[in-house]
Structure formats: C-alpha cells, structure tokens
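> Below: sequence and its predicted model.
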Amino acid sequence: MTDTAVPDQAALASLGDAVRRRLADDPAVFPIADPRIELFAVGDFLSHAECARLCAMIDAVARPSALHELDYASGFRTSYSGDLDPRDAFIAGISARIDALLGVPAAIGEPVQGQRYLPGQEFKPHNDWFYVTESYWPGEEARGGQRSWTAMAYLNTVAAGGATAFTLLGIEIEPKPGVLLLWNNALPDGRPNEATLHAGLPVEAGAKYIITKWYRTRAWR
C-alpha cells in the first residue's frame, strides 16, 4: 500500500517493477546479490574507445562539484563534474542505450553527467534520491519528481582507490572501464531505500572518470 506522505511512491513502485522485470530477462545484466538493494552490473557496456572519448569530453566541461545546499568548499563532494551536451550525437547515442537497457522513456532521464576525481578527491556517503523535507525539494519536484534509478559507468582504470562503496551494506566495487552499474533508489513498495547510501571513496593515485545518468518519475525539465 502506498503512503500519501511519500511523494511519487506509486510511480516509483511501478517503475521499479517494470525495470526489475526487464533486467531479469537480459543475460548481459549481472545482479549483485543482496536482499537489501537492487544493484546490477553490465560488463563492457562501453568500449575502450568510447571511454577514452568520454574522458576527454569530461575534461572539457568539468567544474568544481556542488550538491544543493553544500558548496565545493564543504569538502563533501570534491570531484569536478559537468553535464555532457545532450545534443551531441555521441552522447545522445550512449544515453539512448542506457534508456533502452532499462526500458524507460527518454523523457524521464536527466542529462548524462561526467565526473572526474583526482588524488584525494571523494564523494562522501549520500543517497541519490531527494529528501522531501529539504528546501530544494519543491524545485526538484517541479523538475520531474523523485529520482528512481541510477546508471553509472566507469571509464578508466584507477591506479589506487576510488571504489564505489555502499556503506551500509559492506559492498565495495572497484572501477573497471566500460562497466555500467545500475541501482534502484527505491524499495519495491516505492519508499526511498536507505540502503542505497553510497560513497565515491577517495582516489589515492591516478584519476577516476565516470558518467552518471539519473532517472525521475516524470518528464525531466
């Protein structure tokens, strides 16, 4: 049963079910077994050439990352990031491949964002879904509602550090170029899943490049 106190709960439950069934039918999708989270990996989703091209595109747009009410100086998110041009045919093609993998309409996807982490940079534990009690929520609600699924691809081999850690689950995933991670930010009933708390651990040597695409419950504006 949905709860009217949880915005978009029915939509999150419905979308979660549709994507869950689609991924289960795809032999290229590997489920990471943990009953507390719906987390999947797809190997070789991006080619080496695509990864290299994306890294160069990220370098061209990367700026100090911010996070709603927290600015770069807070130290919470110290990567550099930037949206990749959705009108670029190469970016549009990759975005469409992610949409097709999940089986969701393109309209609910945010622009693909690129992120670069250099030594010492990190993204401390956070959830991708929005806290509806925060001052930013009305704006995000108007832009497409709650976030549903996250798709994140690794673009390069990191010399040391930089794992993605689901901190409440004890799961750490090392960056491997071309691998796409997918996870549902909601529980099957549509409530936000606290177990999706995750961090980009500090890079110790080299650099880490990733792209991320988040999905909403309604058309993203």
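Arrived safely. In this text, all values refer to a predicted model and were calculated from it rather than measured experimentally.

> Next, the contact list for Val42, please.
Ala28, Val29, Phe30, Leu101, Val179, Leu180, Leu182 (C-beta atoms under 8 Å, 6 or more residues apart in numbering). From N, CA and C alone the C-beta is placed, and that goes for glycine too.

> bridging residues for the second one?
Following DSSP bridges, Val29 is listed with bridge partners Val42.

> For it, the count of nearby residues, please.
18 (other C-beta atoms under 10 Å).

> Spit out the contact partners of it.
Val29 makes contact with Leu23, Phe40, Ala41, Val42, Leu101, Leu182, according to C-beta under 8 Å, 6+ apart.

> Including pLDDT, could those residues go into CSV?
Converted to CSV, the contacts of Val29 look like this (pLDDT from 0 to 100):
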residue, pLDDT
Leu23, 98
Phe40, 98
Ala41, 98
Val42, 98
Leu101, 98
Leu182, 98
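
> Widest-spaced pair of those residues?
The largest separation in the contacts of Val29, counting by C-beta to C-beta, is between Ala41 and Leu101 at 11.8 Å.

> Quick check: closest non-adjacent residue to Glu174.
Closest residue in space to Glu174, ignoring its immediate chain neighbours: Ala163 at 5.2 Å, by C-beta to C-beta, 6 or more residues apart in numbering.

> Strands along the chain, start to end?
Counting by DSSP state E, the chain has strands at residues 29-31, 39-42, 63-64, 80-83, 113-117, 123-126, 149-154, 160-161, 164-166, 171-173, 180-184, 198-200, 203-205, 208-214.

> For the second one, C-alpha coordinates in PDB please.
What follows is strand 39-42, C-alpha atoms only, in PDB (Å, rounded to 0.1, in the frame of the first residue of the first chain):
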ATOM      1  CA  LEU A  39      22.000  -3.500  -7.700                       C
ATOM      2  CA  PHE A  40      23.200  -4.700 -11.100                       C
ATOM      3  CA  ALA A  41      26.300  -4.600 -13.200                       C
ATOM      4  CA  VAL A  42      26.800  -4.800 -17.000                       C
END
